[in-house]
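>>> Can you look at this prediction? I've put the sequence above it.
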Amino acid sequence: MNSELYYRHSGQFTPVGVLAGLLAGAGSGALLAWGVEHFVDWAREAHLSAILPVTAGMAIGAIVGFTLRHFHVRSLWIAVSTAAVASALTLYLSWAVYVQVLLARAGEQDTLAELWLNPPVIWSVMQQITVEGVWSVSRWRPAGWQLWALWTTEAVLVCGGAIVVARKLVDCDAFCERCERWCEGVESLARINAGDRDALRRRMEMKELSHLEAVGRVVEGTRNWFRVDLHGCSQCQDLNLLAIAHVTWDPQQGKETQWRTPVVRNLFLSQDEVRVLRKVAARLNAAEASPSGELGRAVN
Ligand SMILES: [Zn+2]
């Protein structure tokens, strides 16, 4: 695959953008940690449940991702590292709050600020907890390596969830460097028969756009097709990107589900090539053999 044919983020960012992403992520994460540990009676179980860490991680990732987008950060490396640091800070503060709750129950009233600045105390309490464990579920009282394994899993879920979501938000749209704006929205042009992905990709890279016509419009009743989309800057119309995804529609057990696998992603097209593509798509769409309306709506 020739990387020059495809759009990639410029990697540019500003320190203000990174700092804002970090503060927004860690700040909201701190509020989340404080709220959960203080107001939810099942604070101890919160350190066991897989759903809460994943949700918390994804929420932090979303806040980091949207903030980075707002400040025009177009670097996946920055998105990943900012989300990692913000979620790690959140995790640390959630431990500070949790340890404060445990110490308060034991009659020691340390303020959160004192604990926040005292990692050795937090570490020491964590080690003490692992000796006998601190909570039980159905007669199971995890301690020792089992508790460490649970906490490690929790940390991976929080940080992993944040990283995946923040990266996705910064990666999902192209950025027009000329207009200094994100390209939003995808225009669906046509649906064609699914076939050899590599062959289609090579044809598209050679800009043989009329090949789409040769592949042909998807036939009625098919649950498997290639979807042709256009993404780009609507302001200058100078940045145009072709995307082709493999879509499978599965009405299994009465449910309609679909998923997409990229065949071509963010392939540069000139304005002339876009004009050719639109004509090809118009001819494809004018052709008969329209699938059922139900199927059509499932994709669009
Ligand atoms: Zn533009």
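That came through fine. Quantities reported herein were computed from a predicted structural model and do not represent experimental measurements. Numbers count the residues shown, from 1 in each chain.

>>> ok, what's across the strand from the closest residue in space to Ser270 that isn't next to it in sequence?
Leaving aside its sequence neighbours, Ser270 sits nearest to Asn240 (C-beta to C-beta, 6 or more residues apart in numbering; 7.2 Å). Backbone N, C-alpha and C define where each C-beta goes, glycine included. On the basis of DSSP bridges, Asn240 is bridged to Gly232, Leu269.

>>> who's in contact with Asn240?
By C-beta atoms under 8 Å, 6 or more residues apart in numbering, the contact set of Asn240 is 230-233, 268-271, 273-274.

>>> ok, so of those residues, who is nearest the ion?
Here the nearest of these to the ion, counting by C-beta to the ion, is Cys233; it sits at 3.1 Å.

>>> Let me see the contact set for that closest one.
Contact analysis of Cys233 by C-beta under 8 Å, 6+ apart lists 174, 176, 178-179, 181, 183, 239-240.

>>> again, 10 Å this time
174-179, 181-184, 239-241 (C-beta atoms under 10 Å, 6 or more residues apart in numbering).

>>> how many neighbours does Gly195 have?
For Gly195, the count of nearby residues is 13 (other C-beta atoms under 10 Å).

>>> which element follows the helix ranked longest in the chain toward the C-terminus?
What stands out as the longest helix in the chain, according to DSSP state H, is helix 76-105. Following helix 76-105 in sequence order, the next helix or strand is helix 112-116 (DSSP states H and E).

>>> I'd like to know which elements that following helix is packed against.
Packing partners of helix 112-116 (3 or more C-beta pairs under 10 Å, 6 or more residues apart in numbering; DSSP states H and E): helix 15-39, helix 76-105, helix 119-132.

>>> Show me which parts of the second one are buried, residue by residue.
If you call a residue buried by 16 or more other C-beta atoms under 10 Å, then helix 76-105 has these buried ones: 76, 78-100, 102.

>>> again with stretch 61-79
In terms of neighbour count (16+ other C-beta under 10 Å), stretch 61-79 has its buried residues at 61-65, 67-69, 71, 73-76, 78-79.

>>> mind checking which of the helices and strands packed on helix 112-116 is nearest the ion?
helix 15-39 (19.6 Å).

>>> angle of the closest one against helix 76-105?
30 degrees (axes from the mean of the first three to the mean of the last three C-alpha atoms, to 10 degrees).

>>> Next, the buried residues of helix 15-39.
In helix 15-39, counting by 16+ other C-beta under 10 Å, buried: 17-18, 20-22, 24-26, 28-30, 32-34, 36-37.

>>> what's the neighbour count on Thr130?
Thr130 has 17 nearby residues by other C-beta under 10 Å.

>>> Pretty sure it sits against Ser124.
No - taking C-beta atoms under 10 Å as the definition, Thr130 is not a contact partner of Ser124, at 11.1 Å.

>>> still on that earlier bit, now restrict the contacts of Asn240 to buried residues only.
When the contacts of Asn240 are checked for burial by 16+ other C-beta under 10 Å, the buried set is 230-233, 268-269, 274.

>>> which one of those residues sits closest to Leu200?
Set against Leu200, the nearest of the buried ones among the contacts of Asn240 by C-beta to C-beta is Leu269 (15.1 Å).

>>> still on that earlier bit, just give me the closest of the contacts of Asn240 to Leu115.
For the contacts of Asn240, the closest approach to Leu115 (C-beta to C-beta) belongs to His231, at 47.7 Å.

>>> any idea how far Lys168 is from that closest one?
15 Å (C-beta to C-beta, to the nearest Å).

>>> Kindly report the same for Thr111.
For Thr111, the distance to Lys168 - C-beta to C-beta - is 38 Å.

>>> So for these two, which sits in the more crowded spot?
Between Thr111 and Lys168, Lys168 has the larger neighbour count (other C-beta under 10 Å), namely 14 against 9.

>>> Surely the more buried one is within a strand?
No - going by DSSP: H, G, I helix; E, B strand; the rest coil, the assignment for Lys168 is helix, not a strand.
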